[in-house]
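Colleague: quick one: sequence plus predicted model below, questions after.
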Amino acid sequence: MRNSILLLIATLIVAVGFNSCTDETIGTSISDIKSAIISDSNFVLTGTSVRNSHLRSRSSIQLLGKVTAPGYGTLTSDVVTQFMPSRAIDTVGVHGGASWIDSCFVTMRVAIGDVTGDSLAPMRMNVYKLNKTLPVPIFSDFDPLSYYSPGDLMGSVTYSASELARKEIMTQTGVAGYYYEINVPVSVDYARDMFNEYKNDPATFATPANFANYFPGVYITNSYGEGHVMNFYDIEFVTYYRKYEKLTEATDTIYPAKTQSYLAVTPEVVYNNNISLEPCDAIEAMVNAGDAIIMSPAGYEVKVQFPVQSIIDKYNSDTEDALGKINSLSLEIPAENITNLYDIAPPKYLLMVKESYRDTFFEKDSLTNNKDAFYAEYNAQEKTYIFSGLRNYILDIINNKGGVASPEDVNFVIMPIDVTTYTNNASSSYYYYYSSSSTTSVVTKIAPAVSKPSMVKLNLEKAIINLMYSKQMLY
């Protein structure tokens with residue numbers, strides 16, 4: 001209201017001055033206007049570390065394995081998942097029916113570099129069939145014990161990220177990309193049963209829900225070994241079968257090793273990383289000493305009190321007799337790497353979300369709106385996280401709440417997140433992990449960070465909250 005009145009006065013003065021000039025009155029009656037741009041960073045951010053092992057871990061990554069890293073702790077993760085069924089199983093030319101299916105595997109792929117720990121450490125993976133559908137929602141502290149039976153073992157395999165598991169794929173531009181592939185052999189009866197089910201009742205394969213009633217999914221875990229965790233970006237149920245094909249009028253053949261993926265893990269189905277993290281004594285000592293520690297997956301977050309009321313009060317006080325406009329509000333937090341054996345790095349992204357809005361944010365699969373939630377990317381060179389889009393947040397309080405911040409406006413959680421982006425680049429798009437240079441990138445999903453271990457110390461006492469505003473004064 002004050003600024004509106006001042007604007008009206010200024011308008012009237014300009015109008016009077018214009019009339020005086022046209023009447024050729026000697027002298028000026030237009031008041032001088034002094035403009036200034038102010039940058040104020042005299043604000044303090046406070047916060048504390050808190051544990052959170054209850055995450056809605058809707059990540060596109062399946063984290064599997066066990067690793068103990070000095071300086072970090074012990075991380076164990078296994079996977080439960082339902083499947084997206086193929087809508088069209090190949091039956092044409094499979095003259096022997098299900099008997100022409102010779103073998104099947106649970107095939108899992110991990111990008112080069114997405115292994116934390118000793119990549120050559122041998123470990124053993126077990127795959128069990130679930131005996132009932134998974135709950136929704138599902139969280140990182142989920143216990144699969146009542147969802148499978150040890151007697152329902154589908155298959156197992158010893159694995160590591162060795163050269164034997166390394167595969168190559170060529171991009172559309174002719175550049176080679178690499179990944180590791182783990183194949184768990186399972187009984188061929190599973191594939192033959194699915195083949196017959198598809199022929200008898202194709203509706204079973206029409207939707208993930210229909211298929212889950214027929215085949216609830218799998219539980220994948222380690223039966224022994226400790227040394228690494230892998231970030232699997234693809235899990236499929238792959239079959240090998242024979243197929244008859246007539247080549248010409250006079251010739252035909254039977255292909256002995258055709259392949260087809262009957263099932264795959266996709267974002268549309270229910271899946272979960274079941275995570276257990278035991279931070280090491282050094283991390284616990286830092287937290288107990290009051291350090292702001294971020295740790296993933298399912299580790300530490302930081303609750304902060306953002307001094308928005310102090311910022312608003314300072315702005316109002318300084319623009320009381322002036323026309324003011326907030327130009328920007330940002331938060332820069334210096335970060336420190338925490339020394340550890342496997343070079344576990346700071347999380348690539350952090351989310352700062354209102355504590356009262358956090359559950360809603362993930363339940364609705366939201367993206368940041370720069371009013372209730374913001375995200376920042378780690379700058380490895382400057383060792384900082386910068387939340388730059390806080391202007392709408394403070395304007396919402398000033399314009400819609402009379403400039404009075406509620407506790408919900410003050411209390412935030414800073415947590416590590418996984419960010420999925422879509423890159424608009426027609427020249428190369430073949431695998432999420434091997435995309436080349438991009439033109440534009442759009443955020444399509446934000447989820448709690450469960451894709452890989454990460455940790456960092458935030459120096460809240462050195463955080464810079466910078467308010468930039470302009471004001472015009474009449475004198």
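Modeller: In hand now; what should we look at? Numbers count the residues shown, from 1 in each chain.
Colleague: what bridges to D234?
Modeller: Following DSSP bridges, D234 is listed with bridge partners R109.
Colleague: next one: it from K66, what distance?
Modeller: Applying Cβ to Cβ, to the nearest Å, the value for D234 to K66 is 21 Å. (Glycine included, C-beta is placed from N, CA and C.)
Colleague: next one: I293
Modeller: Relative to K66, I293 is positioned 22 Å away (criterion: Cβ to Cβ).
Colleague: next one: phi and psi at the residue lying closest to M84 once chain neighbours are set aside?
Modeller: Once flanking residues are discounted, M84 sits nearest to T266: 4.3 Å by Cβ to Cβ, 6 or more residues apart in numbering. Phi and psi for T266, reported as degrees, to the nearest 10, are phi -130, psi 170.
Colleague: ok, now K452?
Modeller: The phi and psi values for K452, taken as degrees, to the nearest 10, are phi -160, psi 160.
Colleague: ok, A161 next?
Modeller: A161 adopts backbone torsions of phi -90, psi 60, taken as degrees, to the nearest 10.
Colleague: I'd like to know how far it sits from D114.
Modeller: For A161, the distance to D114 (Cβ to Cβ) stands at 9 Å.
Colleague: list residues touching both of these two?
Modeller: Shared contacts of A161 and D114 (Cβ atoms under 8 Å, 6 or more residues apart in numbering): M230.
Colleague: can you give me the helices for the stretch 101-250 of the chain?
Modeller: For the stretch 101-250 of the chain, the helices defined by DSSP state H, counting those that start in this stretch cover 188-200, 208-214.
Colleague: apologies, that question was intended for the stretch 301-450 of the chain.
Modeller: 308-318, 358-363, 391-400, 407-410.
Colleague: now the ones you listed as CSV including mean neighbour count, distance to L120 and mean pLDDT?
Modeller: What follows is these, written out as CSV (neighbours: other Cβ atoms under 10 Å; distance: least, Cβ to Cβ, whole Å; pLDDT from 0 to 100):
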stretch, mean neighbour count, distance to L120, mean pLDDT
helix 308-318, 17, 51, 96
helix 358-363, 16, 36, 90
helix 391-400, 16, 48, 96
helix 407-410, 14, 49, 97
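Colleague: tell me how many other residues crowd the nearest residue to Y357 once chain neighbours are set aside.
Modeller: Of all residues not flanking Y357 in the chain, D372 sits nearest, at 4.6 Å (Cβ to Cβ, 6+ apart). Neighbour count for D372, taken as other Cβ atoms under 10 Å: 21.
Colleague: show me the strands in the stretch 51-200 of the chain, by range?
Modeller: Counting by DSSP state E, counting those that start in this stretch, the stretch 51-200 of the chain has strands at residues 62-69, 73-81, 84-85, 101-117, 123-130, 148-159, 166-170, 176-186.
Colleague: quick one: list the elements packing against the longest one.
Modeller: Contact partners of strand 101-117 among helices and strands, from 3 or more Cβ pairs under 8 Å, 6 or more residues apart in numbering; DSSP states H and E: strand 62-69, strand 148-159, strand 176-186, helix 188-200, strand 218-224, strand 228-246, strand 252-264.
Colleague: ok, 7 Å please
Modeller: strand 62-69, strand 176-186, helix 188-200, strand 228-246 (3 or more Cβ pairs under 7 Å, 6 or more residues apart in numbering; DSSP states H and E).
Colleague: highest average neighbour count across these?
Modeller: Among these, strand 62-69 has the highest mean neighbour count (mean count of other Cβ atoms under 10 Å), at a mean of 23.
Colleague: pLDDT of the host helix or strand of N274, averaged?
Modeller: N274 belongs to strand 271-279 when assigned by DSSP states H and E. Averaging pLDDT along strand 271-279 gives 96.
Colleague: what's in contact with it?
Modeller: 57, 59, 62-63, 73-82, 138, 140, 142, 144, 265, 295, 297-299, 450 (Cβ atoms under 7 Å, 6 or more residues apart in numbering).
Colleague: likewise for stretch 453-467?
Modeller: So stretch 453-467 is contacted by 39-41, 43, 45-47, 72, 75, 116, 229, 286, 291-297, 302, 307, 311, 315, 329-338, 344-347, 416 (Cβ under 7 Å, 6+ apart).
Colleague: before we move on, what about stretch 205-221?
Modeller: Outside stretch 205-221, the residues that touch it by Cβ under 7 Å, 6+ apart are 64, 78-87, 106, 125-134, 144, 147-148, 154, 197-198, 203-204, 268-269.
Colleague: go on, stretch 347-360?
Modeller: Residues outside stretch 347-360 that contact it (Cβ under 7 Å, 6+ apart): 294, 296, 303, 361, 372-378, 385, 387, 408, 411-417, 419, 446, 449, 454, 456.
Colleague: any of those buried? List them.
Modeller: Buried subset of those (neighbour count, 16 or more other Cβ atoms under 10 Å): 294, 296, 303, 361, 372-376, 378, 385, 387, 412-417, 419, 446, 449, 454, 456.
Colleague: residue ranges with poor pLDDT in the stretch 1-150 of the chain?
Modeller: Across the stretch 1-150 of the chain, the ranges flagged by pLDDT under 70 are 1-31.
Colleague: switch to 90 and redo it
Modeller: Filtered on pLDDT under 90, the stretch 1-150 of the chain yields the residue ranges 1-36, 56-61, 113.
Colleague: cool, the stretch 251-400 of the chain as well?
Modeller: Ranges of the stretch 251-400 of the chain meeting pLDDT under 90: 251-257, 267, 320-323, 363-370, 389.
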